[in-house]
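Visitor: the sequence isn't on hand, but the structure is:
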């Protein structure tokens with residue numbers, strides 16, 4: 001009887017050990033990193049994940065947009081392991097911040113538009129509705145169609161802070177929910193104007209010089225192009241596990257090469 005009890009106890013112990021090992025293995029294998037937030041940072045994060053997985057094929061990292069406000073909230077409430085944000089946070093924020101680099105905010109117009117330079121006062125006047133025709137700023141006759149971003153967009157917050165000041169964007173401006181949607185609107189309308197991330201500029205829209213300074217890697221890095229903001233990863237506390245591994249890689253030289261390719265500008269501090 002004693003031998004039988006010992007035998008049973010031995011079997012139970014083995015089952016418990018195996019079950020525990022399986023649970024640990026399943027947890028490790030199903031560990032996913034959720035990344036959410038800024039639609040400006042999103043394509044950059046997706047590229048970072050793509051390259052990271054070349055050397056970390058078992059990594060499971062999901063990236064989704066939603067805007068900078070979503071990135072901040074998701075990091076705060078834990079619904080995302082990493083929040084993406086494209087605006088400076090308040091000084092009293094308790095979130096851990098990891099700056100990927102700087103991004104310029106480009107004033108974008110249609111490629112058919114002959115205007116090449118605007119002052120910050122003219123940009124403010126256009127977006128507030130005080131300037132309504134392109135011939136008021138050296139262009140051809142045509143009513144200016146203003147394209148803006150949705151509330152909660154980090155790009156919008158940065159634009160309002162840097163350019164608009166106390167002025168408000170005109171009420172009848174067309175509101176788009178992503179960088180790509182703004183680009184599409186501007187590319188299809190000869191009289192449109194909007195603002196987009198420097199990292200996502202493309203040949204189907206035209207960048208306007210601001211106060212005589214063209215947006216470029218060099219002018220964003222040295223600060224002479226003043227329309228710029230940070231690209232941030234956010235975590236609630238110190239990251240661990242795959243989240244920490246991924247962020248460490250992003251901030252390494254390998255991650256830096258990807259960021260440079262994506263036109264995210266490193267600045268000397």
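Guide: Sure thing, it's come through. The structure presented is a predicted model; accordingly, all values stated were derived computationally and were not measured. Residues are numbered from 1 along each chain as shown.

Visitor: contact partners for residue 82?
Guide: The neighbours of residue 82, taking Cβ atoms under 8 Å, 6 or more residues apart in numbering as the test, are 33, 34, 35, 36, 75, 233, 234, 235, 239, 243, 246, 247. Glycine gets a C-beta too; all of them are placed from N, C-alpha and C.

Visitor: just the pLDDT at it, thanks.
Guide: If you check residue 82, the pLDDT there is 99.

Visitor: ok, residues contacting the host helix or strand of residue 249?
Guide: Per DSSP states H and E: residue 249 is located in helix 241-250. Applying Cβ under 8 Å, 6+ apart, the contact partners of helix 241-250 are 31, 33, 48-49, 52, 56, 59-61, 81-82, 98, 100, 233, 235, 238-239, 255, 259.

Visitor: which of those fall in helices?
Guide: Residues from the contacts of helix 241-250 lying in helices, with DSSP state H as the criterion: 48, 49, 52, 255, 259.

Visitor: partner residues bridging the residue nearest to the second one when sequence neighbours are not counted?
Guide: When the adjacent residues along the chain are set aside, residue 49 lies closest to residue 61, with 4.7 Å between them (Cβ to Cβ, 6 or more residues apart in numbering). The residues paired with residue 61 through beta bridges, assigned by DSSP bridges, are residue 33.

Visitor: quick check: phi and psi at residue 210.
Guide: When read as degrees, to the nearest 10, the backbone of residue 210 gives phi -120, psi 120.

Visitor: residues near it, how many?
Guide: 23 (other Cβ atoms under 10 Å).

Visitor: ok, now how distant is it from residue 103?
Guide: The gap separating residue 210 from residue 103 is 15 Å, by Cβ to Cβ, to the nearest Å.

Visitor: ok, now which ones touch the closest residue to residue 62 other than its chain neighbours?
Guide: Nearest residue to residue 62, sequence neighbours excluded (Cβ to Cβ, 6+ apart): residue 34, at 5.5 Å. Listed by Cβ under 8 Å, 6+ apart, the contact set of residue 34 reads 62, 64, 74, 79, 80, 81, 82.

Visitor: checking residue 181 next. Helix, strand or coil?
Guide: helix (DSSP: H, G, I helix; E, B strand; the rest coil).

Visitor: where does the residue nearest to residue 114 when sequence neighbours are not counted land in three-state SS?
Guide: Leaving out its chain neighbours, the residue that sits closest to residue 114 by Cβ to Cβ, 6+ apart is residue 139, at 5.8 Å. Judged by three-state DSSP, the three-state class of residue 139 is coil.

Visitor: quick one: contacts for residue 139?
Guide: Residue 139 neighbours (Cβ under 8 Å, 6+ apart): 113, 114, 115.

Visitor: can I get those in a markdown table with neighbour count and distance to residue 175?
Guide: Formatted as a markdown table, the contacts of residue 139 follow (neighbours: other Cβ atoms under 10 Å; distance: Cβ to Cβ, whole Å):
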| residue | neighbour count | distance to residue 175 |
| --- | --- | --- |
| 113 | 22 | 21 |
| 114 | 10 | 27 |
| 115 | 18 | 23 |
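
Visitor: in JSON lines, list the residues you listed along with pLDDT, secondary structure and distance to residue 70.
Guide: Output for the contacts of residue 139, formatted as JSON lines (pLDDT from 0 to 100; DSSP: H, G, I helix; E, B strand; the rest coil; distance: Cβ to Cβ, whole Å):
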{"residue": "113", "pLDDT": "98", "secondary structure": "coil", "distance to residue 70": "33"}
{"residue": "114", "pLDDT": "97", "secondary structure": "coil", "distance to residue 70": "38"}
{"residue": "115", "pLDDT": "98", "secondary structure": "coil", "distance to residue 70": "34"}
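
Visitor: secondary structure element for residue 231, which one?
Guide: Per DSSP H and E: strand 228-235 holds residue 231.

Visitor: so which elements touch that strand?
Guide: Under the contact criterion of 3 or more Cβ pairs under 8 Å, 6 or more residues apart in numbering; DSSP states H and E, strand 228-235 touches helix 68-77, strand 82-85, strand 96-109, helix 154-159, helix 241-250.

Visitor: fine by me, thanks again.
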